[in-house]
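Asker: this one's sequence-less:
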């Protein structure tokens, strides 16, 4: 339960405060810069997934209609938050921390 709470904090902190639209980064000076992943050792406590598809897109919900521009490519490693029948909820620690749902068939859980 602690891991899910921390992941929620991580994905919430990546939202730009004061921007016109949610999840846009027009005003970068308004972003909160906290390394919650390292501070709370979240990476060591989370299961991981490896992308096996050439490319897989993040979704805001467990549906094709909620596809985002953000994606992962084959070989990328992300941290698992939750597993559903056809979807997994993950977060990725790249240039910016990104999270959401990706197709379960596109990843390998380890």
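Answerer: Sure thing, it's come through. All figures in this text were calculated on a predicted structure; none of them were measured in a lab. Numbers count the residues shown, from 1 in each chain.

Asker: could you check the pLDDT of residue 76?
Answerer: Residue 76 is assigned a pLDDT of 96 by the prediction.

Asker: doesn't residue 92 make contact with it?
Answerer: Yes - between residue 76 and residue 92 there is a contact under Cβ atoms under 8 Å: 6.9 Å. For the C-beta atoms, the positions are set from N, CA and C on the backbone; glycine is no exception.

Asker: looking at the two, which has the bigger crowd around it?
Answerer: Neighbour comparison, residue 76 and residue 92: the larger count goes to residue 92, with 21 against 16 (by other Cβ atoms under 10 Å).

Asker: not counting sequence-adjacent ones, nearest residue to that one?
Answerer: Closest residue in space to residue 92, ignoring its immediate chain neighbours: residue 78 at 4.4 Å, by Cβ to Cβ, 6 or more residues apart in numbering.

Asker: isn't the one you found up against residue 56?
Answerer: No - judged on Cβ under 8 Å, residue 78 makes no contact with residue 56 at a distance of 9.6 Å.

Asker: overlap of the contact sets of the two?
Answerer: Jointly contacting residue 78 and residue 56 under the rule Cβ atoms under 8 Å, 6 or more residues apart in numbering are 72, 102, 107.

Asker: if I look at residue 52, how far off is residue 61?
Answerer: Applying Cβ to Cβ, to the nearest Å, the value for residue 52 to residue 61 is 23 Å.
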